[in-house]
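> sequence and predicted structure below; questions after.
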Amino acid sequence: MTRQLTGRVPAQAIRRTELPRLPADLLARYAAIDDLTGTASDAMDHLGLRGAVPASQLAPSLPGRRLVGQAVTVRNVERSESPTLAAASGVGRMGEHEAYNQAAPGDVVVIEGLTGISNMGGQSATVAHRAGCAGAVIDGSFRDPDASRGHGFPIWSRGVTPITGKWRLETVEINGRVRIAGVSVDAADLVLADEAGVVFVPFAQAEAVLAQAERIAAGDSRQKADIAAGVDLATLAATRYK
């Protein structure tokens, strides 16, 4: 489906307008995993993939929330002129709204941005929520946490700031490749997030990672059952669960 562009970024800055989609049942199976990011991180280790980011780097704004969705990506850079000159011009160059415009319900906004400057304000989070986005992951800061919190819109970020990005940031790419805490993320990659952090799963590896994650989760369940049943420590230590 062709969508009318918002005009927030030049058309050539939008790298992809149609994203491949993972099956709904695959996403549901990921969502059913108890220790979501921990299990996925272990699965990625088995496959030689790197994609886990701890909450010490990208902290969740809402306790107890989880995300399982595909990425729509935004890349922000610092504007060349001073905030004073930019404000005098009256021209904002932030274009994350175009990512919301390109998103399907349940997608996750993934922003490569700047820390200490807002890459998503309260109105922006409200629009993202209205568009059906499930949440956001920001390698940088956001502001007006009451707005996103009020909508139950979770954000994983490097912290909150009062400083607007309107006169300080420029969106240079939508749905291209971004780098989040050292991890390369492409539009349509799978995003998993919970209180422990974030895991990015490459689109092409989503099935393989899920198979490993379900195997690990099954082993964890058997181990939990043995612990609850009072199996002695020597037996627990000698048993390979996963």
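Yep, it's here. Numbers count the residues shown, from 1 in each chain.

> rest of the way, CA atoms for contacts and neighbours
OK.

> name the SS class of Arg50, please.
Under DSSP: H, G, I helix; E, B strand; the rest coil, Arg50 falls in the coil class.

> distance of the residue nearest the centre of the chain from Gly7?
The chain has Val137 as the residue nearest its centroid, 3.8 Å off, counting by C-alpha atoms, centre = their mean. In this view, Val137 and Gly7 are 23 Å apart by C-alpha to C-alpha, to the nearest Å.

> likewise Pro63?
With C-alpha to C-alpha as the criterion, Pro63 and Gly7 are 35 Å apart.

> and the helices in this structure, which stretches?
Using DSSP state H, the helices of the chain run over 24-31, 36-46, 83-89, 96-102, 122-130, 145-150, 206-229, 233-238.

> which stretch in these has the least confidence?
Lowest mean pLDDT of the helices of the chain: helix 233-238, a mean of 67.

> in the longest strand anywhere in the chain, which residues are buried?
Taking DSSP state E as the criterion, the chain has its longest strand at strand 67-78. Residues 67-76, 78 are the ones in strand 67-78 that count as buried (16 or more other C-alpha atoms under 10 Å).

> ok, now stretch 104-114?
If you call a residue buried by 16+ other C-alpha under 10 Å, then stretch 104-114 has these buried ones: 104, 106-114.

> measure that stretch end to end?
Terminal-residue distance, stretch 104-114 (C-alpha to C-alpha): 25 Å.

> against Val201, how distant is the nearest residue to Ser124 once chain neighbours are set aside?
Spatial nearest neighbour of Ser124, chain neighbours left out: His97 (7.1 Å); criterion: C-alpha to C-alpha, 6 or more residues apart in numbering. According to C-alpha to C-alpha, His97 stands 24 Å off from Val201.

> again, but for Arg240
For Arg240, the distance to Val201 - C-alpha to C-alpha - is 26 Å.

> what's Leu36 in contact with, if anything?
Listed by C-alpha atoms under 8 Å, 6 or more residues apart in numbering, the contact set of Leu36 reads 30, 192-194.

> check Gly150 too.
By C-alpha under 8 Å, 6+ apart, no residues touch Gly150.

> can you list the strands that the longest strand of the chain pairs with?
strand 108-112 (parallel), strand 169-174 (antiparallel), strand 190-194 (antiparallel) (DSSP bridges).

> how about stretch 201-221: buried residues?
Buried residues in stretch 201-221 (16+ other C-alpha under 10 Å): 201-203, 206, 209-210, 212-214, 216-217, 220.
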